[in-house]
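# Test case, fold it:
(one chain, ligands or ions: 2)
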Amino acid sequence: MTDAHTAGPFIAAIDQGTTSSRCIVFDKDGRIVSVDQKEHEQIFPKPGWVEHNATEIWNNVQEVVAGAIEKGGITAADVKAVGITNQRETTLLWDKNTGEPVHNAIVWQDTRTDALCRELGRNVGQDRFRRETGLPLASYFSGPKVRWMLDNIEGLRERAERGDILFGTMDSWVIWNLTGGVNGGRHVTDVTNASRTMLMNLHTMEWDEKIAQSMEVPMEVLPEIRSSAEVYGEVKEGVLAGVPVASALGDQQAALFGQTCFSEGEAKSTYGTGTFLLMNTGSKIINSYSGLVTTVGYKIGDEAPVYSLEGSIAVTGALVQWMRDQMGLINSAPEIETLAASVEDNGGAYFVPAFSGLFAPYWRSDARGVIAGLTRYVTKAHIARAVLEATAWQTREITDAMTKDSGVELTALKVDGGMTSNNLLMQTLSDFLDVPVVRPMVAETTCLGAAYAAGLAVGFWPDTDALRANWRRAAEWTPHMDAAKRDHEYKFWLKAVERTMGWLEHDDS
Ligand SMILES: Nc1ncnc2c1ncn2[C@@H]1O[C@H](COP(=O)(O)OP(=O)(O)O)[C@@H](O)[C@H]1O
Ligand SMILES: O=P(O)(O)OC[C@H](O)CO
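Numbering: from 1, shown residues only. Ligands and ions are numbered 1, 2, ... in the order given. Model prediction:
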């Protein structure tokens, strides 16, 4: 990977993601110098439960950092800062005296707190949480996951109230360990990650004591909330010893930053396991009435926070994985494009992948997946096409909601993530949204965003204008679809979505 012409200094970024951890080293032009990556185990103890082993993750993080530095042929002296980005909401509690997690991390996709969320809705009220935290009451977010651990692990609540237990999303876990762990590690998080816990007040950017009380989470466990771009401490040991840890952003916010969406109204959509479309709303906290999430986009040092509206889709790339691993209809993810391109259209089939219920804009945990419109005419190629169209239609629902909530008509969409290598999908997306879809040269926008924020914090880049100058277009798709055809098919998609709802009855989940 190392480019003979690439000279230091550099910024390193660690992306602790849902399926893997990776470390990427960037140069001043935002070009990739070296990469290392390692997957971790996905643990499914019961239907709907998803866990990660946080010790395995920390070991992997150390390994990929060492790997990227070695592959780049560089030393800590060449690295001016390290930035952190991470899968959001995934929740961990650990003992501050031993550094041992008290339980596996409960992953964002985990639905075990469904019943608890319904109970909180009845006792405290949906609106209360949305008003203060910007989030709908859903098992996706961290607060209910913390409560679940405190309620279900014997003696944990007493240990937490004594001050022996620390809570963190994966950014906090990685930063605490990097900066020394039991030997003085910094227990911090940034505003973007804190905004996904359901415990931070969006208006004050501080933990909301009353919300924490309703959630029965003791304040003692919570990390200090800091900005997304500032020095939290130094790496204590390993190949990066002495390097400042200078940024933290949830991965979707990091992608917004890496795509240089610094102006109000600019948006990006990241196509991975799930899809997350974020629009910069500047200093405005826009309350969503259309099923979006109001969240923090980023905060650079002492500057005012930048907010955003987010449409979160739980299953997009995961549906392609399902076609490969569970159905065996393709051998690799890219094969879905060849199969789908072998037919003209979806043959009348619509696939709504409500595998974990539906996130935005519906927030319905009672929904389950359906394939609608089946006849004997439909082949596996039509289903493959419906799979790709599902990602594009789900995005269309989000952009419609964005326009309603923000009043901003999207004029183009910046995209990134693993699924964007699929040309047919990108063309379909442009057709369904009726706007151009553009992909940047550096597709690793998540790591790039974390690197940019860390670089700003230590003066490696002077300002966001310098970062904008690094953004280069690699590909663009423009819409070609007849409007009447699009409207007709959208109607069928929405009908198929309706058929997923209410599949689970109250006691089934
Ligand atoms: N050519 C492709 N067509 C459709 N889906 C793809 C393609 N290549 C990868 N994917 C999907 O993209 C996802 C991986 O993208 P990535 O950005 O690495 O995700 P994550 O960061 O969530 O792990 C997988 O779910 C995979 O099924
Ligand atoms: O790790 P990813 O890329 O699947 O992203 C997960 C999101 O942060 C969940 O909110």
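# burial of residue 409, as a residue count?
Using other C-beta atoms under 10 Å, residue 409 is surrounded by 10 other residues. Glycine gets a C-beta too; all of them are placed from N, C-alpha and C.
# Regarding it, what is its secondary structure?
coil (DSSP: H, G, I helix; E, B strand; the rest coil).
# Tell me which residues touch it, please.
Contact analysis of residue 409 by C-beta atoms under 8 Å, 6 or more residues apart in numbering lists residue 403.
# let's number from 726 now, not from 1
All right, first residue 726 from here; so that's residue 1134.
# how about it, phi and psi?
Dihedral pair for residue 1134: phi -90, psi 120, per degrees, to the nearest 10.
# Quick check: residues of this structure near ligand 1?
Contact residues, the chain versus ligand 1 (C-beta under 6 Å from any ligand atom): 742-744, 997-998, 1042-1043, 1045-1046, 1058-1059, 1061-1062, 1142-1144, 1146-1147.
# who does the helix or strand that contains residue 805 touch, helix- and strand-wise?
For residue 805, the enclosing helix or strand under DSSP states H and E is strand 804-811. The helices and strands touching strand 804-811, judged by 3 or more C-beta pairs under 8 Å, 6 or more residues apart in numbering; DSSP states H and E, are strand 735-741, helix 895-903, strand 969-975, helix 976-983, helix 1170-1182.
# which helices and strands does the second one pack with?
What it means is helix 895-903. Helix 895-903 packs on strand 735-741, helix 779-797, strand 804-811, strand 817-820, strand 890-893, strand 913-915, strand 954-959, strand 969-975, going by 3+ C-beta pairs under 8 Å, 6+ apart.
# So which elements touch the fifth one?
What that stands for is strand 890-893. strand 817-820, helix 895-903.
# and those as a markdown table, adding mean pLDDT, distance to residue 1105 and mean neighbour count?
As requested, the helices and strands packed on strand 890-893 are exported to a markdown table (pLDDT from 0 to 100; distance: least, C-beta to C-beta, whole Å; neighbours: other C-beta atoms under 10 Å):
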| stretch | mean pLDDT | distance to residue 1105 | mean neighbour count |
| --- | --- | --- | --- |
| strand 817-820 | 98 | 41 | 22 |
| helix 895-903 | 98 | 37 | 28 |
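# May I see the ones you listed organised as CSV, with distance to ligand 2 added?
Shown next, in CSV, are these (distance: least, C-beta to the nearest ligand atom, whole Å):
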stretch, distance to ligand 2
strand 817-820, 15
helix 895-903, 9
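# In CSV, list those along with distance to residue 1224.
Formatted as CSV, the helices and strands packed on strand 890-893 follow (distance: least, C-beta to C-beta, whole Å):
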stretch, distance to residue 1224
strand 817-820, 37
helix 895-903, 36
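# Ligand 2 contacts on the stretch 926-1075 of the chain?
Taking C-beta under 6 Å from any ligand atom as the criterion, the contact residues of the stretch 926-1075 of the chain with ligand 2 come out as 975-977, 997-999.
# ok, now with 8 Å
Residues of the stretch 926-1075 of the chain lying close to ligand 2 by C-beta under 8 Å from any ligand atom are 975-977, 995, 997-999, 1001, 1037.
# got a winner among the residues you listed for most neighbours?
Once you tally neighbours by other C-beta under 10 Å, residue 975 ends up highest among those, having 35 neighbours.
# Is it in contact with residue 916, as I believe?
No. Residue 975 is not in contact with residue 916 according to C-beta atoms under 8 Å; the separation is 9.6 Å.
# Where does residue 770 sit: helix, strand or coil?
Assigned with three-state DSSP, residue 770 falls in the coil class.
# What sits closest to it if chain neighbours are left out?
residue 776 (6.4 Å; C-beta to C-beta, 6 or more residues apart in numbering).
# does the one you found really touch residue 837, like I thought?
No. If you go by C-beta under 8 Å, residue 776 and residue 837 don't touch, sitting 9.7 Å apart.
# what touches both of the two?
Residues touching both residue 776 and residue 837 by C-beta under 8 Å, 6+ apart: residue 831.
# ok, now how distant is residue 1230 from residue 1083?
Taking C-beta to C-beta, to the nearest Å as the measure, residue 1230 and residue 1083 are separated by 16 Å.
# Give me the more crowded residue out of these two.
A direct count of neighbours by other C-beta under 10 Å for residue 1230 and residue 1083 places residue 1083 higher, at 26 against 8.
# The more buried one is in contact with residue 1224, isn't it?
No. With contact defined as C-beta under 8 Å, residue 1083 does not reach residue 1224; the gap is 11.8 Å.
# hey, where'd the strands end up in the stretch 826-975 of the chain?
Taking DSSP state E, counting those that start in this stretch, the strands of the stretch 826-975 of the chain run over residues 830-831, 890-893, 913-915, 925-926, 931-932, 949-951, 954-959, 969-975.
# Out of those, which is the most enclosed?
Among these, strand 969-975 has the highest mean neighbour count (mean count of other C-beta atoms under 10 Å), at a mean of 30.
# Give me the sheet partners of that one and which way each runs.
If you go by DSSP bridges, strand 969-975 pairs up with strand 804-811 (parallel), strand 954-959 (antiparallel).
# Quick check: mean pLDDT of it?
For strand 969-975, mean pLDDT is 98.
# That one vs helix 895-903, what angle?
Following axes from the mean of the first three to the mean of the last three C-alpha atoms, to 10 degrees, one obtains 160 degrees for the angle between strand 969-975 and helix 895-903.
# got the contact list for strand 969-975?
The contact list for strand 969-975 (C-beta under 8 Å, 6+ apart) reads 805-811, 813, 894, 896, 900, 903-904, 911, 913-915, 917-918, 921, 951, 953-960, 982, 1023, 1174-1176, 1178-1183.
# Give me the pLDDT for residue 1001.
Predicted confidence (pLDDT) for residue 1001: 97.
# likewise the one 10 residues further on?
Among the per-residue scores, residue 1011 holds a pLDDT of 92.
# that's a strand at it, yeah?
No. Per three-state DSSP, residue 1011 lies outside any strand segment and is coil.
# Strands along the stretch 1126-1234 of the chain, start to end?
1138-1141, 1162-1165, 1198-1202.
# list the buried ones in stretch 774-788?
775-777, 779-783, 785-787 (16 or more other C-beta atoms under 10 Å).
# Send me that stretch as CSV with only the CA atoms.
Provided in CSV are the C-alpha atoms of stretch 774-788 (Å, rounded to 0.1, in the frame of the first residue of the first chain):
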residue,chain,number,x,y,z
TRP,A,774,-29.5,-10.7,20.7
VAL,A,775,-26.2,-9.5,19.3
GLU,A,776,-23.0,-9.2,21.4
HIS,A,777,-19.3,-8.5,21.0
ASN,A,778,-16.4,-9.5,23.2
ALA,A,779,-14.8,-6.1,24.1
THR,A,780,-11.5,-7.7,25.2
GLU,A,781,-11.2,-9.3,21.7
ILE,A,782,-12.0,-5.9,20.2
TRP,A,783,-9.3,-4.1,22.2
ASN,A,784,-6.7,-6.8,21.3
ASN,A,785,-7.7,-6.4,17.6
VAL,A,786,-7.4,-2.6,17.8
GLN,A,787,-3.8,-2.9,19.1
GLU,A,788,-3.0,-5.4,16.4
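# Tell me the spacing between residue 823 and residue 907.
Residue 823 is 7 Å from residue 907, where distance means C-beta to C-beta.
# Likewise for residue 845?
On the measure of C-beta to C-beta, residue 845 and residue 907 end up 34 Å apart.
# Between the two, which has more neighbouring residues?
When residue 845 and residue 907 are compared for neighbours, residue 845 comes out ahead with 22 against 13, by other C-beta under 10 Å.
# Would you check that the more buried one makes contact with residue 869?
Yes. At 7.1 Å, residue 845 and residue 869 qualify as touching, with contact defined as C-beta under 8 Å.
# which neighbours do those two share?
What both residue 845 and residue 869 touch, as defined by C-beta under 8 Å, 6+ apart, is the set residue 940.
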